[in-house]
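Colleague: requesting a structural model of the entry that follows:
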Amino acid sequence: MKGICLRYTESEDDAEDILQEAFIRAFKSLKQFDCAQGKLGGWIRTITINVAIENYRKNKTRLKHYSEHSLDQQDHYNDEIIAKLELQELLSIIQKLPDGYRMVFNLYAIEGFTHKEISSTLGISIGTSKSQFSRAKKLLQQMILETNKYEHITTRHAR
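Modeller: Purely as a prediction, here's the structure:
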């Protein structure tokens, strides 16, 4: 569950706060859990995602804004670079996305929500959801490429 929380936050401290709140809610609501409707892990996962979404809504005013110019630059996506990334490195890069982009990216690409579900859950339009997902992908690509360039430079200078 901590991995889920890390995907939705910028820091490990924030993730731990969300995780703690999720487990408190799960414990308080344990009497409502029905084994016939699914597994306990899935139920706790849903609670955790909902707590992360609530945390996002609460902190929505602190959204970071990136200039449209930097997001519209065309970088070529390189699958080999992503294949070389460790899971922890990828998680770290996802955590650097602006809050709105990170929420939409996680809900759509990882959790499997539709843009309609995301718009309803986050209180944004479907178009905004699609736009933020597209921009999140572009920004992730850019950040991954920059990370790879930096590692390539430091590896070359270390020789």
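Colleague: in the protein, which helix or strand is least confident?
Modeller: For the chain, counting by mean pLDDT, DSSP states H and E, helix 68-72 ranks last in confidence among helices and strands (a mean of 38).
Colleague: Q141: neighbour count?
Modeller: By the measure other Cβ atoms under 10 Å, the count of residues near Q141 is 17. From N, CA and C alone the C-beta is placed, and that goes for glycine too.
Colleague: roughly how far apart are it and K96?
Modeller: Computed with Cβ to Cβ, to the nearest Å, the distance linking Q141 and K96 is 13 Å.
Colleague: cool, and A109?
Modeller: Note on A109: its distance to K96, by Cβ to Cβ, is 16 Å.
Colleague: I24 now?
Modeller: Taking Cβ to Cβ, one finds I24 at 28 Å from K96.
Colleague: just I124 next, same as before
Modeller: The value you get for I124 to K96, if Cβ to Cβ is used, is 21 Å.
Colleague: neighbour count winner among those two?
Modeller: A direct count of neighbours by other Cβ under 10 Å for I124 and K96 places I124 higher, at 18 against 14.
Colleague: was I right to think the more buried one contacts H115?
Modeller: No. In this structure, I124 is not within contact of H115 by Cβ atoms under 8 Å, at 9.6 Å.
Colleague: which residue ranges form the helices in this protein?
Modeller: For the chain, the helices identified by DSSP state H occupy 2-7, 12-28, 40-58, 68-72, 79-84, 87-95, 99-105, 115-122, 126-158, in order along the chain.
Colleague: just those helices: most buried one?
Modeller: For these, average neighbour numbers computed from mean count of other Cβ atoms under 10 Å are highest in helix 99-105, which has a mean of 24.
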